[in-house]
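>>> Give me a 3D structure for the following:
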Amino acid sequence: MSDSSALIYQHFYSSTFFKNYDRYGNLHKSIDDRVDEIIKDPFSGTESLEHKQGKDLRGLRSARINRNFRVVFCVWEEYKNKTKKTLPLIPQSVQEKFPKNSVIFITVGPHEKAYRLQ
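Numbers count the residues shown, from 1 in each chain. Prediction:
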């Protein structure tokens, strides 16, 4: 068990996450359950990403929904420590307001689309 379990994470979502969530209505329960687990402990059962499908994904994490679906997110403090880039799909003006104990959900979908941040 990681030390993060004692923290309370605030959570935020990109518009792309919501658009894709709506698209995959048959997976809502699975996505909701996985998101709830991530909010409780974003380091348990998730993968730290580096480069996938030609994209620099340093600072982002991935969690499995099922065999083919992934949710891509970041733990804000970890993201800021790993990269100086702005977070994809989130306006910089919004990013400046994230508390350090935040989990930001970027996208959800089939892994080939999720890793392209679509």
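>>> And the residue nearest the centre of the protein?
Centroid-nearest residue in the chain: F73, 0.9 Å away (criterion: Cα atoms, centre = their mean).
>>> Let me know the secondary structure of that one.
The three-state assignment at F73 reads strand, by DSSP: H, G, I helix; E, B strand; the rest coil.
>>> Can you name the residues bridging to the closest residue to it other than its chain neighbours?
Ranked by Cβ to Cβ, 6 or more residues apart in numbering and with sequence neighbours excluded, the top spatial neighbour of F73 is F105, at 4.6 Å. C-beta here means a position set from N, CA and C on the backbone, and glycine is covered the same way. Judged by DSSP bridges, the bridge partners of F105 are Y13, F73.
>>> list the buried ones in stretch 16-36?
16-17, 20-21, 27, 31, 34-35 (16 or more other Cβ atoms under 10 Å).
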